[in-house]
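# Give me a 3D structure for the following:
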Amino acid sequence: MKKINIFLLGLLIIGLSSCKKFLDVKPSNSGDSDLAIQTPADAQVMINGIMRTMSSADYYGRNFMLYGDAKGGDFTIFSQGRGQDGLYTFNHQVTSGSNVGFWSQIYYGILQANNLLENIAKLEANGATGFGSAKGQALTARAIMYFDLVRLYGKSYDDDKTSFGVPIVLNKLTSDAQPLRSTVEQTYTQILKDLKDAAPLLPKTKTNGYINYYGNLATQARVYLTMKDNVNALSAAQEVIGATSLYTLYTNANWVTSWTTQFGSESIFEIGVVPLENDLTTGSLGFYHRRRSHGATTALGWFTASSYFLTRLGQDANDVRWGIMAYDETAGNARLGAIYKYSGSTTLAGDGKATPTAVNLKLIRLSEMYLIAAEAILPTNPGQAATYLNNIRKRSPNLAPATAATVSVDMILDERSKEFIGEGQRFFDMIRLNKSITFNDELGAIPASFRTKTIDRTFFRTRLPISQTEINANPGIGAQQNPGY
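Predicted coordinates:
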């Protein structure tokens with residue numbers, strides 16, 4: 001008897017359920033790629049569905065973003081038992097834990113992209129035209145999802161690229177399919193292929209809520225930097241920086257208020273969050289960043305900025321980025337550890353919608369391209385690296401500008417921490433640069449029995465386990481489990 005892959009069958013069931021809901025209520029930001037498409041407008045509805053999948057609680061809507069800060073040392077927890085503790089304590093098991101949703105949710109998004117791409121291919125084979133943008137968006141989204149998966153489950157590219165990455169699935173699968181893990185190198189090769197194939201199909205205009213040519217290039221810059229390919233990372237970042245008619249850096253005067261604005265001048269890829277559609281309300285990212293009981297008794301103060309981060313930001317009391325920090329529950333209104341980017345402001349202003357939890361997800365911003373360019377060019381031209389860095393470092397007006405003599409990877413890394421707190425990047429930065437991560441356990445007297453106080457990427461729990469559910473459905477992948485689990 002053939003063994004049914006429960007995970008993949010579950011995705012198909014979810015797809016059918018989503019289809020029914022879509023037909024019943026016709027939301028403006030939803031759709032399902034299992035539906036046959038006939039026109040470019042139909043394809044764009046399917047893109048809406050992919051964007052909505054990417055904004056779920058198990059992905060960019062909350063848990064993936066929390067993962068990067070909690071595991072990277074920029075967040076800590078004041079009390080256990082409030083939820084998502086395992087992200088901080090590294091308590092993820094094969095049978096349970098905060099990691100379970102990443103695999104299924106991201107592969108569901110890949111399923112949607114694959115279905116859309118197959119439908120487009122059939123239509124184009126019969127002479128249909130006008131699907132280029134949707135095809136480019138689906139390919140880029142698929143690349144982004146594989147990039148996130150391989151960083152969650154695989155080793156760093158420069159650590160051991162022949163080790164296991166993730167299964168590469170590029171088409172619809174039957175319910176008994178049991179794909180196995182490709183290598184890290186094979187996974188990155190596919191990511192770059194999708195990005196390169198997609199780029200010429202995408203518009204060079206600003207497409208709010210969707211992926212355009214520059215969103216694709218910005219993703220390439222991220223991927224190349226992670227691969228230690230500085231030449232290509234720099235080239236991609238510089239082209240985005242050069243698109244001055246579309247993107248400009250926020251000034252010090254408007255950086256804080258930019259979080260109350262949708263699709264601002266720095267937003268390269270920003271997913272719209274809409275009330276009654278993909279607003280996670282009390283489960284949203286911004287809600288998890290708030291201090292305890294702010295705005296609602298159900299706000300539990302899940303995470304707070306670590307003392308290490310606050311010391312870093314505290315190098316300049318006038319750093320504009322203090323504007324999205326507010327007091328937490330730990331020290332009688334004296335410790336500014338609560339983060340309000342994804343509430344719009346410290347007064348819960350939101351970003352122009354009916355609720356402060358329906359705040360758009362700013363996934364790639366122009367400031368990141370300057371910092372990628374700085375890191376990529378540093379080995380060959382430290383003076384230019386300092387120039388790129390100072391464009392962002394000036395958000396700390398009392399700090400001395402970097403120079404060719406003082407600029408360093410650590411200085412750039414510190415700037416990334418200050419700029420992207422709450423945006424889920426710190427852990428991935430520390431791992432790709434092979435830095436040690438130290439955790440602020442003493443703030444809440446947290447007994448972290450699943451890790452030591454300081455770790456680095458040799459620690460097996462810096463990679464997630466393949467869940468037992470997937471192994472039961474796909475026994476072959478059990479032999480490819482990450483070591484230590």
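
# quick one: Gly295 and Leu348 touch, right?
Yes. With contacts defined as CB atoms under 8 Å, Gly295 counts as touching Leu348 at a distance of 5.3 Å. From N, CA and C alone the C-beta is placed, and that goes for glycine too.

# Give me the nearest residue to Tyr224, chain neighbours excluded.
Nearest residue to Tyr224 in three dimensions, chain neighbours excluded: Ala233, at 3.7 Å (CB to CB, 6 or more residues apart in numbering).

# hmm, back to that, anything in contact with each of Gly295 and Leu348?
Residues touching both Gly295 and Leu348 (CB atoms under 8 Å, 6 or more residues apart in numbering) are Pro356.

# how far away is Lys204 from Ala138?
According to CB to CB, to the nearest Å, Lys204 and Ala138 sit 18 Å apart.

# For those two, indicate the residue with more neighbours.
Just comparing Lys204 and Ala138: by other CB atoms under 10 Å the higher neighbour count belongs to Ala138, 29 against 12.

# Contact partners for that one?
Ala138 is in contact with Met46, Ile47, Ile50, Ala113, Leu116, Leu117, Ile120, Ala198, counting by CB under 8 Å, 6+ apart.

# Out of those residues, which is nearest to His289?
His289 has its nearest neighbour among those in Ile50, at 25.5 Å by CB to CB.

# who's in contact with the closest one?
For Ile50, the contact set (CB under 8 Å, 6+ apart) comprises Ser33, Gly109, Gln112, Ala113, Leu116, Gln137, Ala138, Ala141.

# So the second one lies in a strand, does it not?
Just to be clear, that refers to Gly109. No. Read with DSSP: H, G, I helix; E, B strand; the rest coil, Gly109 is helix and lies in no strand.

# quick check: domain ranges of this protein?
As given by automatic domain parsing, the domain ranges for the chain are 1-202+451-485, 281-359.

# So which residues of the stretch 201-350 of the chain form helices?
Secondary structure of the stretch 201-350 of the chain (DSSP state H, counting those that start in this stretch): helices located at 213-226, 230-241, 285-289, 307-313.

# so where's the protein shaky on pLDDT?
By pLDDT under 70, the weakly predicted segments of the chain are 1-35, 98, 100.

# related to what we said a few turns ago, what is the nearest of the contacts of Ile50 to Tyr214?
Nearest to Tyr214 among the contacts of Ile50: Gln137, at 12.8 Å, using CB to CB.

# Tell me how many other residues crowd that closest one.
Number of residues near Gln137 (other CB under 10 Å) recorded here: 28.

# Dump the helix or strand where Gly68 lies to PDB, restricted to CA.
Using DSSP states H and E, Gly68 sits in helix 63-70. Listed next in PDB are the C-alpha coordinates belonging to helix 63-70 (Å, rounded to 0.1, in the frame of the first residue of the first chain):
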ATOM      1  CA  ASN A  63       6.300  33.900  14.500                       C
ATOM      2  CA  PHE A  64       9.000  34.200  11.900                       C
ATOM      3  CA  MET A  65       9.700  37.800  12.900                       C
ATOM      4  CA  LEU A  66       9.700  36.900  16.700                       C
ATOM      5  CA  TYR A  67      12.100  34.000  15.800                       C
ATOM      6  CA  GLY A  68      14.800  36.300  14.500                       C
ATOM      7  CA  ASP A  69      14.800  38.700  17.500                       C
ATOM      8  CA  ALA A  70      14.200  36.200  20.300                       C
END
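
# Same list (the contacts of Ala138) but as JSON lines, adding distance to Val409 and secondary structure.
Shown next, in JSON lines, are those (distance: CB to CB, whole Å; DSSP: H, G, I helix; E, B strand; the rest coil):
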{"residue": "Met46", "distance to Val409": "41", "secondary structure": "helix"}
{"residue": "Ile47", "distance to Val409": "37", "secondary structure": "helix"}
{"residue": "Ile50", "distance to Val409": "35", "secondary structure": "helix"}
{"residue": "Ala113", "distance to Val409": "34", "secondary structure": "helix"}
{"residue": "Leu116", "distance to Val409": "40", "secondary structure": "helix"}
{"residue": "Leu117", "distance to Val409": "38", "secondary structure": "helix"}
{"residue": "Ile120", "distance to Val409": "42", "secondary structure": "helix"}
{"residue": "Ala198", "distance to Val409": "30", "secondary structure": "helix"}
